[in-house]
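**Q** pasting the sequence and the predicted coordinates here, then a few questions.
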Amino acid sequence: MPSIKPIYHPYWLWEETNHNMWGKVNDRDAALLAAKEFTGLHCLYGMFMARVVHEWQYSCEHNLSQTAQNRRAWLGHAACALALNCPEDIVRQAWWMLTDKQREDADAQAETFIRIWEDMQCQNDQLAFQF
């Protein structure tokens, strides 16, 4: 796979901002419980990761093209934001409430959808090159 060049977009284009990824919630305990349950269900979690990589162009370009950052964590936070409007700081806390197996399964889902996103980027680059 060719290396991915970093792509930057201003924060006001990031789709994640419309889903409370960097916001607050009224009931932190309820949000933490919901995030723990959601992230522990790796197939459901993966379905929302798939939606993120297909629906959030600007957020994904900005975050998944930064290969030095923890892209799995970002994608997981984004999936929770899309599904639950849950801020990423709560998702980080919920992550450590999961079993090792649940974290491994969630990471595998994230890796799958990061590779899918990378493949889509390569296909787009190849199409652009043909014209």
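**A** Great, that's in hand.

**Q** middle-most residue in this protein, spatially?
**A** The centroid of the chain falls nearest to L75 when counting by CA atoms, centre = their mean (1.6 Å).

**Q** for that one, phi and psi?
**A** phi -60, psi -40 (degrees, to the nearest 10).

**Q** please name the residues that touch it.
**A** Remark: with contacts taken as CB atoms under 8 Å, 6 or more residues apart in numbering, L75 is in contact with 49, 52-53, 63-64, 110, 113-114. All C-beta atoms are positioned from the backbone trio N, CA, C, and that covers glycine.

**Q** try it again at 7 Å.
**A** With contact taken as CB atoms under 7 Å, 6 or more residues apart in numbering, L75 is in contact with 49, 52, 110, 113-114.

**Q** equivalent analysis for C80, please.
**A** By CB under 7 Å, 6+ apart, the residues touching C80 are 35, 38-39, 86, 91.

**Q** can you report phi and psi for Q69?
**A** With angles defined as degrees, to the nearest 10, Q69 sits at phi -90, psi 170.
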